[in-house]
Structures are given as structure tokens and as C-alpha cells.
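Asks: Got a predicted structure plus its sequence, pasted below:
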Amino acid sequence: MPHSTPCASDPVHASHSDLLTRILRPVAVTLLVLTCWGCSPGRFLAGRLAGAPNRYPTWFAPEPRVYLGFPPRITESLPIETLEILRQASVIGASFDHQPPPESIPIPSDPSPVGKAARQPLTLAFRIVPPADYQIRVAATNWIENGLEKAEFTFQRQLPAPPLPPEVPRRGTVFLLHGYGLNQDSMLPWAFWLGERGWQSVLVDLRGHGRSTGATVSFGPVEAADLQTLLDHLIAQNRVPGPVIALGVSYGAALALRWTASDPRLDSAIAIAPYDRLDAAVENLRSDFASWLPRSWVRQAVRHLPAVLELPQAELDTRTPMSRRPVPALLLAGGKDRIAPVPEVEHLHNLASPGSRLWVLDGSNHEALPYRFPELIPPIARWLEERVSQPSPTPRTSP
């Protein structure tokens, strides 16, 4: 049984993979019926994969493998804000031969909206976490249940958070991007850790997740454009001290790399367990969490997905934007990760620009890796310190 902590109210079930199982279980019977009628289940399943994760019922959720426990008032004084986006253009095809000068930073993109999700109005929910002395404390518990490795991470912070001492310098801004099927709350521990070190964080509920709307996800191209628009909005309000860095987990890690490769205002990316190819990631999820589902159905679904999303097949893979424009990145992988295995993360590292780094934690799986703070903090702190010491252009709005 999961370890219980007195401070935890409703723990966040922080498994990027549970949501896929939640999606697949209720549609399995429907797919069997369609097959009996002679219909291909691939397109039907592709439509479910493209649907917004926050629209799926929670009562189909399996037992999670990772729990996060938070005090009930942990987000006190950190209000949710929203940004209305009526119509979006994707960042497909954006590429740069060099870093533009600060006074003229263009954001080239396809002038017409690309992808089904781009035509849908969006309310994007986000939260700013300013630098402060949050005094975050982390407790971890690991156990084996029914042959599966499980973990619980409990977090506490000082309420209210006192200001940082004068000797702690103010740094820049880190956008924190959560995993598939989760929401911004799953990234709160990183926001507080960064805040203690002088960094401002922007927590975002990605399209179709958490408190944000959007009926369809795009697995990256349109979400990157959403983040560009959010950055424009915050820069216009003079709320983005530089440098600007994207830090993401799993689905959010792939997006952090994609966004950095398409927006020269970002200094670099920190990617924890990013996937290289979407088709391989979906198959790995099926194998690890839903092996009862026929592999052929999932393969059909992945083949139909580009048509459902109205996007080119290659644009769903993280390697595509990385190949167009290599960017500085710190990539972190788990040695026991079966969703984003080390060789796939190594391939992304090979596509990154010179000076990028790959760090592997041998004993960690996909779900637990983002919260292995004692092991992750040294390489991430070192990367941030090096990036803040480099000259960085003042972020400007896109034209």
C-alpha cells in the first residue's frame, strides 16, 4: 500500500502512463465491436489518442505507480491566470541558421494555421511562481507491489514563503512543462526548488490538460505555438526576466526541446525522459501498461494519427525539430525507463548542439525519475548556473 503522509490531502497520481491506460480501457470494448462489424479500429483509437486528456473520466484510471503528496495550502498566494487564444499557427518548418541579434528576433512559422488543434479556441491556464525562500522539503518512499516498482514523494514548503536573502541573486525564467495526462501541479516541487535559487517559474497547463481547454492535442507543433503566444503575453507585461529556459518531463520534455528549437528567445532546454519517436513511445506504453491491447491496433492508430491531427507524420517526432535546429540541452534519462529508453534519449542528445549533456540515473524508471531530487539536482543546478553566466538577449515579443 502507498505510504501515507499527514500533510498530504489528495495526492497527485503522477504517472504519465496511467492516462493512456485510462483511455484505452473504456474503448477496448468499442474496438472489439467495431472489429466484429468489419471496421478497422485504428482510426477510432487514433481519435481517442488525439482527444484532450482532461476530458476522459477518472473512474477508469488504474492504480498509479507514483504518488505526490502536497499540503492543502501549498499554492496559497499563487493564483491561476488564463490567456485566451482564438486561433493558433503551428511552428512547423521554423528553422534558423544562426541566433538572431537581440534587436530583431524573428519567429518564422507557417502563416496559416496547421493542424486540427490550431483551429480550436483555447483558454491557457498558467501560474507564476516568484523567487522566494520556500524551504521545500522532500520525503521519498519506494516499495514493490505486485511485482511493480512504486514510489511516493511528499513535499512541504514554508507558508507564507519569506523573501530570499539579499545574497541570493535573481536569475531568469523557467517554463515548467508537465507530462501527458498530468497538469501543472505535478511540477510544483521544481517551481519551489527553482524559486529558492532565484529563478522565476511559469507553470502551464498544456492544451487539453488540467484547467486549460482544447478538445484536441497535437503532440507538440501547436503546443509549441501556444507557448510562444504565452511568452509574447508575459513579455508584453514585462514579466519575463531572462534568460528563458524550458524544463519538461516526458511529453513536456519532448515539447521543451521542440519549443526551444522553434523559438530563438529560449536559451536552452532541460528534458527529463523525453521521447524521440512518438510511435515508439506509444508502443512502449502499450507494452508496459496495456499489453492486453493488440499491438496491431496501436500500430494502426499511430498510422492514422497524422490524418486525424492534420499534421505530417514526421512532425509528431521530437527528432524532427531537433534535426532542423540543434539547440543546447541537458537531457536526463532513467536506466530502467521502458517508455523513453536510454538509447532514444542518446539519439536526441546526438542531435543537440555542441555543449549539450546527457545524464543517466541507472536505477530509475520513467515515472519516478522526475522526482529523484537528490540525484537530479546536481546536474540541473550546474546547467542552470552555466547558462545564466552566458550572455543572453532580452526576450522580445514575436512579430
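Replies: That came in fine, so what should we check first?

Asks: which residues of the stretch 151-300 of the chain fall in strands?
Replies: Ranges of strands within the stretch 151-300 of the chain are 173-177, 200-205, 244-249, 266-272, based on DSSP state E, counting those that start in this stretch.

Asks: Tell me the spacing between the most centrally placed residue in the chain and Leu164.
Replies: The residue lying closest to the centre of the chain (C-alpha atoms, centre = their mean) is Gly252, at 1.4 Å. According to C-beta to C-beta, to the nearest Å, Gly252 and Leu164 sit 26 Å apart. Every residue, glycine included, has its C-beta placed from N, CA and C.

Asks: Kindly report the same for Pro306.
Replies: Going from Pro306 to Leu164 by C-beta to C-beta gives 47 Å.

Asks: Is Thr141 in contact with Glu152, as I believe?
Replies: Yes - applying C-beta atoms under 8 Å, one finds Thr141 in contact with Glu152, separated by 4.7 Å.

Asks: neighbour-wise, which of those two wins?
Replies: Using other C-beta atoms under 10 Å, the more surrounded residue of Thr141 and Glu152 is Glu152, with 23 against 15.

Asks: Tell me, what's the model's pLDDT at the spatially closest residue to that one that is not a sequence neighbour?
Replies: Distance criterion C-beta to C-beta, 6 or more residues apart in numbering; nearest residue to Glu152, sequence neighbours excluded, is Tyr67 at 4.2 Å. With respect to pLDDT, Tyr67 scores 84.

Asks: what's the next secondary structure element after the host helix or strand of Tyr67?
Replies: Taking DSSP states H and E as the definition, one finds Tyr67 inside strand 66-69. Later in the chain than strand 66-69, the nearest helix or strand by DSSP H and E is strand 81-85.

Asks: Specify the angle between that following strand and strand 200-205 in degrees.
Replies: 60 degrees (axes from the mean of the first three to the mean of the last three C-alpha atoms, to 10 degrees).

Asks: Pairing partners for strand 81-85, with directions?
Replies: Strand 81-85 has its sheet partners listed here by DSSP bridges as strand 122-129 (antiparallel).

Asks: Run the chain-centre distance for stretch 142-149.
Replies: Here stretch 142-149 shows a centroid-to-chain-centroid distance of 25 Å under the convention C-alpha atoms, centre = their mean, to the nearest Å.

Asks: Just the CA trace of it, in CSV.
Replies: Taking C-alpha atoms only, stretch 142-149 is exported to CSV below (Å, rounded to 0.1, in the frame of the first residue of the first chain):
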residue,chain,number,x,y,z
ASN,A,142,9.8,3.2,-2.5
TRP,A,143,8.2,-0.3,-2.5
ILE,A,144,7.4,-3.2,-4.7
GLU,A,145,3.7,-4.1,-5.2
ASN,A,146,2.5,-7.0,-7.4
GLY,A,147,6.0,-7.1,-9.0
LEU,A,148,5.9,-3.4,-9.9
GLU,A,149,8.1,-0.6,-8.5
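
Asks: can you tell which of the strands of the stretch 151-300 of the chain is closest to Ile85?
Replies: Ranking the strands of the stretch 151-300 of the chain by proximity to Ile85 (C-beta to C-beta) places strand 200-205 first, at 12.4 Å.

Asks: That closest one pairs with which strands, parallel or anti?
Replies: Going by DSSP bridges, the partners of strand 200-205 are strand 122-129 (antiparallel), strand 173-177 (parallel).

Asks: relative to strand 244-249, how tilted is it?
Replies: Angle of strand 200-205 versus strand 244-249, following the same axes, to 10 degrees, is 50 degrees.

Asks: re the thing from before, look up the residues forming beta bridges with the residue nearest to Glu152.
Replies: Assigned bridge partners for Tyr67, using DSSP bridges, are His13, Glu152.

Asks: And for it, the neighbour number?
Replies: The tally of other residues near Tyr67 (other C-beta under 10 Å) stands at 22.

Asks: just checking, it touches Phe155?
Replies: No - taking C-beta under 8 Å as the definition, Tyr67 is not a contact partner of Phe155, at 11.3 Å.

Asks: In terms of secondary structure, what does the strand or helix carrying Val138 contact?
Replies: If you go by DSSP H and E, Val138 is part of strand 137-145. When contacts are defined as 3 or more C-beta pairs under 8 Å, 6 or more residues apart in numbering; DSSP states H and E, strand 137-145 packs onto strand 148-156.

Asks: Report the angle between the strand it packs on and strand 137-145.
Replies: Going by the same axes, to 10 degrees, strand 148-156 makes 160 degrees with strand 137-145.

Asks: Now do strand 148-156, average pLDDT.
Replies: The pLDDT scores in strand 148-156 average 80.

Asks: what do you get for stretch 161-168?
Replies: The pLDDT scores in stretch 161-168 average 92.

Asks: What is the end-to-end distance of that stretch?
Replies: End-to-end distance for stretch 161-168, by C-alpha to C-alpha, to the nearest Å: 15 Å.

Asks: buried ones in that stretch?
Replies: Residues Ala161, Leu164 are the ones in stretch 161-168 that count as buried (16 or more other C-beta atoms under 10 Å).

Asks: Tell me where the model's unsure across the protein.
Replies: 1-40, 57-63, 88-114, 147, 149, 391-399 (pLDDT under 70).

Asks: quick one: Leu148 from Glu367, how far?
Replies: Distance of Leu148 to Glu367, computed by C-beta to C-beta: 10 Å.

Asks: Find the residues that touch each one of the two.
Replies: Shared contacts of Leu148 and Glu367, defined by C-beta atoms under 8 Å, 6 or more residues apart in numbering, are found at Arg65.

Asks: Those two: which has the busier surroundings?
Replies: Between Leu148 and Glu367, counted using other C-beta under 10 Å, the more crowded position is Glu367 (26 against 11).
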